[in-house]
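K.L.:
take this sequence and fold it.
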Amino acid sequence: MKKGITLIGNILTDVVKTVDCYPEIGLLSNILDVKRAVGGCVPNTAIDIKKIDSDMPISVIGKIGNDDSGKYVCGEFERYGIDYSAVKVSETKPTSFSDVMSLPSGERTFFHARGANAEFSPEDIDLNTLDCDILHAGYILLLDIFDKKDSEYGTVMARFLKSVQDKGIKTSVDVVSDATADYKGTILPALKYCNYAIMNEVESAQLFDINPYNEDGSVNANAVLKTMELMAEAGVQEKIVLHCKEAGFSYDVATKTFTAVPSLNIPKEVIKGSVGAGDAFCAGTLYGLYNGFSDKEILEFASAAAASNLFSENSVDGMLPKAEILKLADKYGRKEIKLC
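P.N.:
Next up, the predicted model:
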């Protein structure tokens, strides 16, 4: 019997504000729309998977504040049939939140308050009650205690992932893009204890200082492959999956097989936002990994799941059921880009 997926890490709310432009300091831009939604790795990815397949067993672990935002997130978990019984409540910190400034074209900027996520630690997780096939942790670089140094394993996250693997549970990680973070010192130790690593091209590029783009701005698939090979050498045990706007890439560690699939060619006029697109891609990837998809099938499905996210301003409302996701590639086609 399969036991499902448990997601641990960042839980927050997003206040998504659609603006007409990014102003220079001291100048004004107009807010066209404001919506509240769940945000962060745990709510976004968990709800997306449940919307893909409502029968998937999904549980979540993290930390919220004793406030209206925390109650709102838990209400969303309950609405989608997600087990949130292991979510802890902080009595000193508010629920984490982000103000998301989103342009109509989809680009966005985040202003983030760490809140209760800064308190979340391995002590909040009872390893004896973990009952899942895959544990997905995110985001590295945005979990203060998990990101701390550990004298034996490199980071607290690395030690925690090792303890999860010791229980026979496969581990997966995701990363947040942070302009000020120590990517090498914080991410690389955790890779040694990952079955799967899922992140975008900007985050992976920081690990080995390899530019994933050519001078003309096109994706350099050879550079992406080199990065993935180095991630495998760093310790990722089964699969590495990277994504960018133009394409998704996978690398099977055992067979050293590299696979690339272009993104869907979604017209700009139907795009409402891209907040949570990376989590949507991650949800599609985890769903494919859990259900034994081939690497090509994983990338095709994950890219279509990410594309569905573009039809909404927030992180989860655009996600579609599996059958509808599978129709998107036929409807829109894929981008014509060189991936070699």
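K.L.:
touching, residue 98 and residue 108? I think so.
P.N.:
No: counting by Cβ atoms under 8 Å, residue 98 sits too far from residue 108 to count as a contact (9.8 Å). Any C-beta I mention is one placed from the backbone N, CA and C, and that applies to glycine too.
K.L.:
which residues does the most centrally placed residue in the chain contact?
P.N.:
Nearest to the geometric centre of the chain sits residue 279, at 3.6 Å (Cα atoms, centre = their mean). Residue 279 makes contact with 41, 44-45, 48, 174, 309, 315, according to Cβ atoms under 8 Å, 6 or more residues apart in numbering.
K.L.:
dump the residues you listed into a markdown table; add pLDDT, secondary structure and distance to residue 218 as well.
P.N.:
Formatted as a markdown table, the contacts of residue 279 follow (pLDDT from 0 to 100; DSSP: H, G, I helix; E, B strand; the rest coil; distance: Cβ to Cβ, whole Å):
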| residue | pLDDT | secondary structure | distance to residue 218 |
| --- | --- | --- | --- |
| 41 | 96 | helix | 29 |
| 44 | 96 | helix | 29 |
| 45 | 98 | helix | 29 |
| 48 | 98 | helix | 29 |
| 174 | 97 | strand | 25 |
| 309 | 93 | helix | 23 |
| 315 | 85 | coil | 28 |
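K.L.:
any low-confidence regions in this protein?
P.N.:
The chain contains residues with pLDDT under 70 at 340.
K.L.:
which residues of it fall in helices?
P.N.:
With DSSP state H as the criterion, the chain has helices at 41-52, 68-79, 156-165, 183-191, 201-208, 221-234, 277-290, 295-309, 322-332.
K.L.:
and the fourth one, how far out from the chain's middle?
P.N.:
Remark: helix 183-191 is offset 16 Å from the chain centroid, using Cα atoms, centre = their mean, to the nearest Å.
K.L.:
please renumber so the chain begins at 140
P.N.:
Renumbered: residue one is now 140, and that last one reads helix 322-330.
K.L.:
out of the contacts of residue 418, which is nearest to residue 365?
P.N.:
Distance to residue 365 across the contacts of residue 418 (Cβ to Cβ) is lowest for residue 313, with 21.2 Å.
K.L.:
isn't the closest one right next to residue 274, touching?
P.N.:
No: the criterion here is Cβ under 8 Å, and residue 313 misses it with residue 274 at 12.0 Å.
K.L.:
more crowded one of these two?
P.N.:
residue 313 (27 against 24; other Cβ atoms under 10 Å).
K.L.:
ok, the nearest residue to that one once chain neighbours are set aside to residue 244 distance?
P.N.:
In this structure, residue 313 finds its nearest non-sequential neighbour in residue 277, 3.4 Å apart by Cβ to Cβ, 6 or more residues apart in numbering. For residue 277, the distance to residue 244 (Cβ to Cβ, to the nearest Å) stands at 26 Å.
K.L.:
ditto for residue 332
P.N.:
According to Cβ to Cβ, residue 332 stands 38 Å off from residue 244.
K.L.:
neighbours of the residue nearest to residue 169 when sequence neighbours are not counted, how many?
P.N.:
Closest residue in space to residue 169, ignoring its immediate chain neighbours: residue 159 at 4.7 Å, by Cβ to Cβ, 6+ apart. Neighbour count of residue 159, defined by other Cβ under 10 Å: 11.
K.L.:
so who does residue 159 touch?
P.N.:
Residue 159 sits next to 168-169, 171, 242-243 when contact means Cβ under 8 Å, 6+ apart.
K.L.:
again, but for residue 145
P.N.:
Contacts for residue 145 (Cβ under 8 Å, 6+ apart) come out as 197-200, 269, 271, 273-275.
K.L.:
of those residues, closest to residue 433?
P.N.:
residue 273 (17.6 Å).
K.L.:
against residue 317, how distant is that closest one?
P.N.:
For residue 273, the distance to residue 317 - Cβ to Cβ - is 25 Å.
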